[in-house]
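Engineer: model the following, please.
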Amino acid sequence: MTTIAAMYRDAAAYVRACTGLFLLVVAAELAQHLIEYRAGFYDSLAAMKAAEGDVARMAMGHVKVLLLFATNFFALRFYAFGRDPAAPLRRDPRAWALFVPVMLWGLFWLVLLQDGAWAARAMGWSGRPFALALVVVMLLSTGFEIALSAWKTAAAAGNGAIGFVRSIRLTRGHVWWSLTVSAAAILPAMVLHYGFAFLSLGRGPLGTAAVLVADSLLVGIMGPLMAAATYAIARRVTQGAEVPLVPVPLAPAH
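Structural biologist: Numbers count the residues shown, from 1 in each chain. Got it, this is the predicted structure:
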């Protein structure tokens with residue numbers, strides 16, 4: 001419970017210290033909601049299903065997810081360097097280079113999970129079997145992503161000593177703890193996110209706007225919160241193995 005509470009405190013600290021970066025994601029989510037509203041997305045459940053493949057909506061969704069990837073980098077640096085508000089945007093070419101593979105890994109999953117079903121329909125593949133396969137892949141990837149927490153955090157901090165494979169090895173013995181921590185960060189926020197989507201259906205303009213603003217703020221918080229879970233897992237697995245997560249000369253004093 002202490003770790004879970006610390007995650008939420010870390011996320012709140014990031015929002016307070018890096019408000020501009022937080023608001024970039026909020027603005028992207030609001031822009032996507034505006035596109036959806038104009039497309040009649042929130043008129044009814046049937047309208048939502050009909051408009052889910054809207055090109056402008058999907059394009060803005062990709063922009064939002066890319067900003068969430070960037071938030072992961074910014075927030076991990078914020079946490080790794082002792083909540084230093086200057087750390088996210090501090091010039092660090094080594095960290096930028098090390099984080100490129102992390103971003104490419106994330107982009108691979110973005111294309112597979114966000115565009116997979118749409119591409120399958122476009123090619124005439126059966127929707128339901130593909131969707132079920134996608135759910136299985138998504139569940140498996142969630143467990144796999146947890147094992148990469150140390151790699152992602154070390155890369156954001158500019159530490160190249162923890163790579164893809166070493167991160168997986170470090171996580172052995174911490175899998176169930178890591179799954180619990182990750183679920184505590186992701187599940188409540190995702191339930192709220194989808195709850196807001198259904199709550200906005202069939203309301204008047206003001207009611208819909210209020211729900212969508214609340215949802216946009218939630219999405220903005222989800223980025224640093226998921227990064228806080230990644231950081232918590234990375235700290236746990238590296239401390240247990242006495243492996244430095246941050247380059248030693250740069251590690252914050254405690």
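
Engineer: contacts, neighbours, all on C-alpha from now
Structural biologist: OK.

Engineer: look up phi and psi at residue 160.
Structural biologist: Residue 160 has phi and psi values of phi -90, psi 10 when expressed as degrees, to the nearest 10.

Engineer: does it really touch residue 150, like I thought?
Structural biologist: No. Taking Cα atoms under 8 Å as the definition, residue 160 is not a contact partner of residue 150, at 10.8 Å.

Engineer: which one's more surrounded, those two?
Structural biologist: Neighbours were counted for residue 160 and for residue 150 using other Cα atoms under 10 Å; residue 150 has more, 28 against 18.

Engineer: residues contacting that one?
Structural biologist: Applying Cα atoms under 8 Å, 6 or more residues apart in numbering, we find residue 150 in contact with 162, 167, 170, 230-231, 233-235, 237-238, 245.

Engineer: what do you get if the cut-off is 6 Å, keeping everything else the same?
Structural biologist: For residue 150, the contacting residues are 167, 234, by Cα atoms under 6 Å, 6 or more residues apart in numbering.

Engineer: how near is it to residue 226?
Structural biologist: 14 Å (Cα to Cα, to the nearest Å).

Engineer: and residue 8, by the same measure?
Structural biologist: Residue 8 is 10 Å from residue 226, by Cα to Cα.

Engineer: so these two - more neighbours on which side?
Structural biologist: residue 226 (26 against 19).

Engineer: can you tell me the SS state at the closest residue to the more buried one other than its chain neighbours?
Structural biologist: Nearest residue to residue 226, sequence neighbours excluded (Cα to Cα, 6 or more residues apart in numbering): residue 185, at 6.0 Å. Counting by DSSP: H, G, I helix; E, B strand; the rest coil, the backbone at residue 185 sits in helix.

Engineer: neighbours of residue 185, just the number please.
Structural biologist: With other Cα under 10 Å as criterion, residue 185 counts 23.

Engineer: do you know the pLDDT at it?
Structural biologist: Looking at residue 185, its pLDDT reads 90.

Engineer: could you check how far it is from residue 227?
Structural biologist: Taking Cα to Cα as the measure, residue 185 falls 9 Å from residue 227.

Engineer: tell me where the stretch 101-250 of the chain has strands.
Structural biologist: Remark: no strands are assigned in the stretch 101-250 of the chain by DSSP state E, counting those that start in this stretch.

Engineer: quick one: the helices in it, in order.
Structural biologist: 127-146, 149-157, 164-171, 175-199, 205-241 (DSSP state H, counting those that start in this stretch).

Engineer: now the third one: mean pLDDT?
Structural biologist: Looking at helix 164-171 alone, the average pLDDT works out to 94.

Engineer: could you give the angle of that helix to helix 205-241?
Structural biologist: 80 degrees (axes from the mean of the first three to the mean of the last three Cα atoms, to 10 degrees).

Engineer: tell me what helix 164-171 is packed against?
Structural biologist: helix 149-157 (3 or more Cα pairs under 6 Å, 6 or more residues apart in numbering; DSSP states H and E).

Engineer: next, the angle helix 175-199 makes with the helix it packs on.
Structural biologist: Relative orientation of helix 149-157 versus helix 175-199 (the same axes, to 10 degrees): 80 degrees.

Engineer: ok now helix 149-157, how far from the chain's centre?
Structural biologist: 14 Å (Cα atoms, centre = their mean, to the nearest Å).

Engineer: contact partners of the helix or strand harbouring residue 37?
Structural biologist: Using DSSP states H and E, the element containing residue 37 is helix 19-38. With contacts defined as Cα under 6 Å, 6+ apart, helix 19-38 is touched by 15, 57, 60, 64, 216-217, 220.
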